[in-house]
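Undergrad: build the 3D model from these lines:
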Amino acid sequence: MQADLVYDVGVNDGADSSYYLGKGFRVVGIEAHPGLAQALQQRFSQEIAAGRYTLLNVGVAEQDGMLPFWICDDVSEWSSFSREIASRNGSRHHEEYVLTRPFSRILAEHGVPYYCKVDIEGNDRHCLDGISPNDAPQFVSIEMSHRNGGRDLTLLESLGYRRFKILNQLSFAPALPLLNSPSRPATVNRLLDRLYSWRFGKREDEGWVFPNGSSGPLADSTPGRWRPLSQTIATWRKLQKIHDKAGSLNVWFDIHATR
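TA: Residues are numbered from 1 along each chain as shown. The predicted model follows:
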């Protein structure tokens, strides 16, 4: 593991990469969207020239090759290898073919990072599949799946991760399912959520204010206690039940894990 290295898998507009660079890390950014990658090449031109930033315009997949990638024209971060994801809410989208690489090969070439943030709209699992239990990042985060979050948590444990957090990605506060209760009026839920977020959230770190859509604090800077797998799966199940009953949680969550 390289203690000064962070991976930003799913760079999008570069907000997370800027934060990691500002914390003094070298960064490997992975972005499948050709248009975004071109903009990132310009944004981080100085860091690239200095060797502090490596940008890979590839998609993470099971094997090397070319695959159809769906560009969401309305919300860039929804671009995905899944047309269902890229077209959500009736969003305009179009198809482009992009280069793909297995995550294991990327790790072999660029090194195992201290922290690996993954947010690639449905393909997060391909990154986990490319990690070896004997050679894994100290910290990793993935987008929580309402369908497969329990499976992802179990996979993380099989890779050697033993402590976990589920964070609200709007406030970066630890998940508290009762704030999303469908049996309570939505206005009351929103009020309770604002109070909880104000008390336990973390919208900035050493002067850096996290913009909407970013992944938030780095690794062990995340708020809240690290919890064992059993407690984390229990929290995920409660969130899943609320999502299934209400049809939406109106917020998304990330799973953080550490060895």
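Undergrad: alpha carbons only for contacts and neighbour counts from here, please
TA: Will do.
Undergrad: do a quick rundown of the strands in the stretch 151-259 of the chain.
TA: Using DSSP state E, counting those that start in this stretch, the strands of the stretch 151-259 of the chain run over 163-168, 204-205, 208-209, 253-258.
Undergrad: need the ones you listed in TSV (columns: mean pLDDT).
TA: Rendered in TSV, the data for the strands of the stretch 151-259 of the chain read as follows (pLDDT from 0 to 100):
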stretch	mean pLDDT
strand 163-168	95
strand 204-205	92
strand 208-209	92
strand 253-258	95
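Undergrad: what's the closest of these to R43?
TA: strand 208-209 (18.0 Å; CA to CA).
Undergrad: partner strands of that closest one and their direction?
TA: Sheet pairing of strand 208-209 (DSSP bridges) gives strand 204-205 (antiparallel).
Undergrad: quick one: the strand it pairs with to chain centroid distance?
TA: Relative to its chain's centre, strand 204-205 lies at 18 Å (CA atoms, centre = their mean, to the nearest Å).
Undergrad: next: stretch 130-149.
TA: So, by CA atoms, centre = their mean, the centroid of stretch 130-149 is 10 Å from its chain's centroid.
Undergrad: for stretch 52-68, same thing?
TA: 16 Å.
Undergrad: and if you look at stretch 25-39?
TA: 14 Å.
Undergrad: just the endpoints, please. Distance across that stretch?
TA: 21 Å (CA to CA, to the nearest Å).
Undergrad: now swap in stretch 111-126 and tell me
TA: Stretch 111-126 end-to-end distance (CA to CA) = 17 Å.
Undergrad: out of the strands of the stretch 151-259 of the chain, nearest to T235?
TA: Here strand 163-168 is closest among those (CA to CA), at 8.0 Å.
Undergrad: that closest one packs against which elements?
TA: Secondary-structure packing of strand 163-168 (3 or more CA pairs under 8 Å, 6 or more residues apart in numbering; DSSP states H and E): helix 229-246, strand 253-258.
Undergrad: out of these, which one sits most buried?
TA: strand 253-258 (a mean of 24; mean count of other CA atoms under 10 Å).
Undergrad: ok, how many other residues are close to G65?
TA: 14 (other CA atoms under 10 Å).
Undergrad: tell me where the model's unsure across the stretch 101-250 of the chain.
TA: The model of the stretch 101-250 of the chain has pLDDT under 70 over residues 183, 246-249.
Undergrad: in it, which spans are helices?
TA: Assigned by DSSP state H, counting those that start in this stretch, the helices in the stretch 101-250 of the chain fall at 103-110, 124-129, 149-158, 186-200, 229-246.
Undergrad: relative to D74, which of the ones you listed is closest?
TA: helix 124-129 (21.8 Å).
Undergrad: could I get the strands of the stretch 151-259 of the chain as a markdown table with distance to G111?
TA: What follows is the strands of the stretch 151-259 of the chain, written out as a markdown table (distance: least, CA to CA, whole Å):
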| stretch | distance to G111 |
| --- | --- |
| strand 163-168 | 23 |
| strand 204-205 | 26 |
| strand 208-209 | 27 |
| strand 253-258 | 18 |
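Undergrad: these: which one's closest to L128?
TA: Using CA to CA, the strands of the stretch 151-259 of the chain put strand 253-258 closest to L128, at 11.7 Å.
Undergrad: for the closest one, which strands pair with it and how are they oriented?
TA: Applying DSSP bridges, one finds strand 253-258 paired with strand 139-143 (antiparallel), strand 163-168 (antiparallel).
Undergrad: now do the longest one and helix 149-158, the angle between them.
TA: When you say that, I think you mean strand 163-168. Taking axes from the mean of the first three to the mean of the last three CA atoms, to 10 degrees, one finds strand 163-168 and helix 149-158 inclined to each other by 150 degrees.
Undergrad: how far does strand 163-168 sit from the chain's center?
TA: 12 Å.
Undergrad: with distance to E143 added, can I get the helices of the stretch 101-250 of the chain in a markdown table?
TA: Rendered in a markdown table, the data for the helices of the stretch 101-250 of the chain read as follows (distance: least, CA to CA, whole Å):
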| stretch | distance to E143 |
| --- | --- |
| helix 103-110 | 17 |
| helix 124-129 | 7 |
| helix 149-158 | 9 |
| helix 186-200 | 19 |
| helix 229-246 | 12 |
